[in-house]
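**Q** dropping a prediction and its sequence here:
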Amino acid sequence: MLSLVPDDTERYSTSETIHAEVSRYLYEAFTTDDGLLANVDRWTQRGVTLENLTKIELAHASEDPVEYCYQNLIREIDAEAQTGIFLVGKGNADASLGSLANEPGVSGELKDQVAHIAPTLFRDALAHSDDQLDIVWVTIRARFERARVDAEVSRIAMGVLMHDAEIAQDMAAALRSLMYPFHEYATRHHCRLPSLLDERQARELTIMVSQLEKRAGDYEERIREIASRADTQ
């Protein structure tokens, strides 16, 4: 349960609304045929649920819960983009992954380069894969799906706290429009593939992402706190 503040009707109502909307989203992610985490086992489902509800509890208890959620969203979309860049494509059923193919610096074609990239970025998964890179693709999708669920939970909470789900959606889209080009650029540079950005564009993008990372703060410490709190529930 989320922490409830006595004698504060508005905060109680907001807390209940966040809890209900997040729980509904997680239920759909786990149980519907096209849910992001429909294929994971029940222990993984339990862990994801506890960690996300604990994350929202900590956000709601902070001095500025919207900012806390936004800081989480920065890092979660950062993590999502690291593997999401291999799933982007105009034919993708996920609307956001389809639209990102139109962003400058996002090719929508990195999926065709996975065989070249895997020895550098997915060495362990490649060692256990067949010629079709099956474990590499399982790894890519699993990391993306978990990060996307975490990001959507933060976005939902922000929408409730700001009383405007559309603004929260726009903020998430704006972050993706930065993080996906940044990670495609970094991946292409690291794996010696041609860059889609010139030197000026790459420098400006790197500066903007660095500023966001600074705003997000010490996210690793936050993750440890969330995991620790969730393990005790």
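**A** All right, it came through fine.
**Q** which SS class is residue 34?
**A** With DSSP: H, G, I helix; E, B strand; the rest coil as the basis, residue 34 sits in coil.
**Q** any weak-confidence spans in this structure?
**A** Within the chain, the stretches with pLDDT under 70 are 1-12, 233.
**Q** need the longest helix for it.
**A** Longest helix of the chain, by residue count under DSSP state H: helix 134-162.
**Q** show me what it is packed up against.
**A** The contact analysis (3 or more C-beta pairs under 8 Å, 6 or more residues apart in numbering; DSSP states H and E) places helix 134-162 against helix 9-31, helix 42-61, helix 65-84, helix 114-121, helix 123-127, helix 165-190. Backbone N, C-alpha and C define where each C-beta goes, glycine included.
**Q** could those helices be laid out in TSV, adding mean neighbour count?
**A** Formatted as TSV, those follow (neighbours: other C-beta atoms under 10 Å):
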stretch	mean neighbour count
helix 9-31	16
helix 42-61	19
helix 65-84	24
helix 114-121	16
helix 123-127	13
helix 165-190	19
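**Q** reformat those as TSV; add distance to residue 136.
**A** TSV is the format used below for the helices and strands packed on helix 134-162 (distance: least, C-beta to C-beta, whole Å):
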stretch	distance to residue 136
helix 9-31	23
helix 42-61	20
helix 65-84	10
helix 114-121	5
helix 123-127	5
helix 165-190	14
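**Q** closest one to residue 108 among those?
**A** Nearest to residue 108, of all these, is helix 165-190, at 9.5 Å by C-beta to C-beta.
**Q** past the closest one, which element shows up next along the chain?
**A** Later in the chain than helix 165-190, the nearest helix or strand by DSSP states H and E is helix 199-216.
**Q** what separates that next one from the chain centre, distance-wise?
**A** 18 Å (C-alpha atoms, centre = their mean, to the nearest Å).
**Q** return the set of buried residues in it.
**A** For helix 199-216, the neighbour count (16 or more other C-beta atoms under 10 Å) marks 202, 205, 209, 212, 216 as buried.
**Q** can you list the residues that contact it?
**A** Contact with helix 199-216 is made by 71-72, 74-75, 78, 104-105, 175, 178-179, 181-182, 185, 195, 197, as judged by C-beta atoms under 8 Å, 6 or more residues apart in numbering.
**Q** alpha carbons of it, as PDB, please.
**A** What follows is helix 199-216, C-alpha atoms only, in PDB (Å, rounded to 0.1, in the frame of the first residue of the first chain):
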ATOM      1  CA  GLU A 199      29.800  16.500 -35.100                       C
ATOM      2  CA  ARG A 200      27.800  19.500 -34.000                       C
ATOM      3  CA  GLN A 201      24.500  17.500 -33.700                       C
ATOM      4  CA  ALA A 202      26.300  14.800 -31.700                       C
ATOM      5  CA  ARG A 203      27.900  17.300 -29.300                       C
ATOM      6  CA  GLU A 204      24.600  19.200 -28.700                       C
ATOM      7  CA  LEU A 205      22.700  15.900 -28.100                       C
ATOM      8  CA  THR A 206      25.400  14.700 -25.700                       C
ATOM      9  CA  ILE A 207      25.200  18.000 -23.700                       C
ATOM     10  CA  MET A 208      21.400  17.800 -23.400                       C
ATOM     11  CA  VAL A 209      21.500  14.200 -22.200                       C
ATOM     12  CA  SER A 210      24.300  14.900 -19.700                       C
ATOM     13  CA  GLN A 211      22.100  17.700 -18.300                       C
ATOM     14  CA  LEU A 212      19.200  15.300 -17.900                       C
ATOM     15  CA  GLU A 213      21.500  12.700 -16.200                       C
ATOM     16  CA  LYS A 214      22.700  15.400 -13.800                       C
ATOM     17  CA  ARG A 215      19.100  16.300 -13.000                       C
ATOM     18  CA  ALA A 216      18.200  12.600 -12.400                       C
END
